[in-house]
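Student: Okay, structure incoming, though there's no sequence with it:
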Ligand code: PLP
């Protein structure tokens, strides 16, 4: 048809391309470090015990599958809002926050972007350089011009904080600033508390609109510690957008559970915001699916399941940390001329390892070890069985 004959092939998703290559690889010792998924020490995606128990409770009830409200399951929205802002926070107590269930963290970003496009179409969006690759595409597809602010500094393997702050200081009022609340993807480099203080100050003074993306709460220093920046922004009092995801923290990737929360100045303002947010959802997918939201709401609202979740999440966090330490220790032995200490300081699932594109290609071609061209590796895909092999291979390409 003339309609289709003019359509060009879209570029391949770089990360899915790695997985395709990995799947086709016949080497039994192959390792995929290109993923954005947590694997346990057996190389499996875990089904958390708290999820299994919540699902058993839900199976027992066998509730009919009616439509959820447009904004999602009320018990879920409440539990998520309290998790994100703190049950005793002023925004929650004063009913200045609204939370809508979303189709994963991606869905939360997208309804936030569509909402902003409707009410602030002339603002531009700023994302970190680099950022999760979907951030740019998502906001562009919502109609925004998307810019980068300086973030990663390859020389120090940390954050170019002076550059970031300078960029924030020159953005026009109303600019939308996307910030990673914790466990920066792809670099693993996070801001310190003191740096956040300065960011919050500039954002507030200049009337910028912060959009915090929290896809890895609990993978950095703990649920509370990782979420602290959200509470600090909320206390600063301006408009605030927060997307969060339970894909990783509940290992519920395919259930697509996330949420968008917005903090406003008054309860009345918040109710107007919610009414418009519901319009955005209604015209996108009408209302969210039931199962994942029910599982998360059940776990968060049942004290013993919640305690179990916190324990299991801590287990994932600690295992990643141990892998970081082992990675650095073994590379010290096998490649003493190279300093990888920065890997221990990085937070979350990922490490910007410093491996070059050529080295990444050599790892793939010689050893069936798959990483992203930028050198991003998923530390959560390392385990006690594959790490020796990975270290030997990296030591060889350095
Ligand atoms: N934001 C960041 C920074 C991410 O890394 C991801 C997932 O990898 C998401 C959002 C999207 O999360 P979800 O899979 O829940 O849509």
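Tutor: Great, that's in hand. Remember, predicted model here, so these are calculated numbers, not experimental data.

Student: Can you give me every residue that contacts the residue nearest the centre of the chain?
Tutor: Nearest to the mean C-alpha position of the chain, by Cα atoms, centre = their mean, lies residue 215 at 2.5 Å. Neighbouring residues of residue 215 by Cβ atoms under 8 Å, 6 or more residues apart in numbering: 105, 132, 183, 185, 243, 244, 245, 247, 248. For the C-beta atoms, the positions are set from N, CA and C on the backbone; glycine is no exception.

Student: Can you tell me how far it is from residue 222?
Tutor: Distance, residue 215 to residue 222, using Cβ to Cβ, to the nearest Å: 16 Å.

Student: again with residue 133
Tutor: Counting by Cβ to Cβ - residue 133 and residue 222 are separated by 27 Å.

Student: Tell me what residue 102 is bridged to.
Tutor: residue 258 (DSSP bridges).

Student: Neighbours of it, how many?
Tutor: Residue 102 has 30 neighbours, counted by other Cβ atoms under 10 Å.

Student: my guess is it meets residue 285, correct?
Tutor: No. Using Cβ atoms under 8 Å, residue 102 and residue 285 do not qualify as a contacting pair, with a distance of 9.7 Å.

Student: contacting residues for the residue in the stretch 251-398 of the chain positioned nearest to the ligand?
Tutor: Proximity of the stretch 251-398 of the chain to the ligand (Cβ to the nearest ligand atom) peaks at residue 258, 4.8 Å away. Listed by Cβ under 8 Å, 6+ apart, the contact partners of residue 258 are 101-108, 243-247.

Student: Which members of these occur in helices, if any?
Tutor: Assigned to helices by DSSP state H, the following of the contacts of residue 258 qualify: 104, 105, 106, 107, 108.

Student: need the contact list for residue 105.
Tutor: Counting by Cβ under 8 Å, 6+ apart, residue 105 makes contact with 213, 214, 215, 243, 244, 245, 247, 258.

Student: Roughly how far does it sit from the ligand?
Tutor: Distance, residue 105 to the ligand, by Cβ to the nearest ligand atom, to the nearest Å: 3 Å.

Student: For the closest residue to that residue other than its chain neighbours, name its beta-bridge partners.
Tutor: Leaving aside its sequence neighbours, residue 105 sits nearest to residue 245 (Cβ to Cβ, 6 or more residues apart in numbering; 2.9 Å). Under the criterion DSSP bridges, residue 245 forms beta bridges with residue 258.

Student: so residue 245 touches residue 214, yeah?
Tutor: Yes. Using Cβ under 8 Å, residue 245 is in contact with residue 214, at 7.4 Å.

Student: Give me every residue in this protein lying close to the ligand.
Tutor: Proximity of the chain to the ligand, by Cβ under 6 Å from any ligand atom, involves residues 36, 104, 105, 106, 132, 180, 185, 213, 215, 245, 247, 258.

Student: Count the residues that sit near residue 197.
Tutor: By other Cβ under 10 Å, the residues close to residue 197 number 12.

Student: Also residue 244?
Tutor: 28.

Student: Packing partners of the helix or strand hosting residue 91?
Tutor: For residue 91, the element it lies in under DSSP states H and E is helix 90-93. Here helix 90-93 touches helix 74-85, helix 223-236, going by 3 or more Cβ pairs under 8 Å, 6 or more residues apart in numbering; DSSP states H and E.

Student: Give me whichever of these is most buried.
Tutor: Highest mean neighbour count of the helices and strands packed on helix 90-93: helix 74-85, a mean of 21 (counted as mean count of other Cβ atoms under 10 Å).

Student: Residue 323 reaches residue 390, doesn't it?
Tutor: No. The pair residue 323 / residue 390 is not scored as a contact, 10.0 Å apart, by Cβ under 8 Å.

Student: joint contacts of those two?
Tutor: With Cβ under 8 Å, 6+ apart, residue 323 and residue 390 have common neighbours residue 382.

Student: Pretty sure residue 342 sits against residue 158.
Tutor: Yes. With contact defined as Cβ under 8 Å, residue 342 counts as touching residue 158 (7.4 Å).

Student: list the buried ones in the longest helix anywhere in the chain?
Tutor: When the chain is parsed with DSSP H, its longest helix is helix 303-334. For helix 303-334, a neighbour-count test (16 or more other Cβ atoms under 10 Å) marks 305-306, 308-310, 312-313, 316-317, 319-321, 323-324, 326-328, 330-331, 334 as buried.

Student: Same check on stretch 386-395?
Tutor: Taking 16+ other Cβ under 10 Å as the criterion, stretch 386-395 shows 386, 390, 391, 393, 394 as buried.
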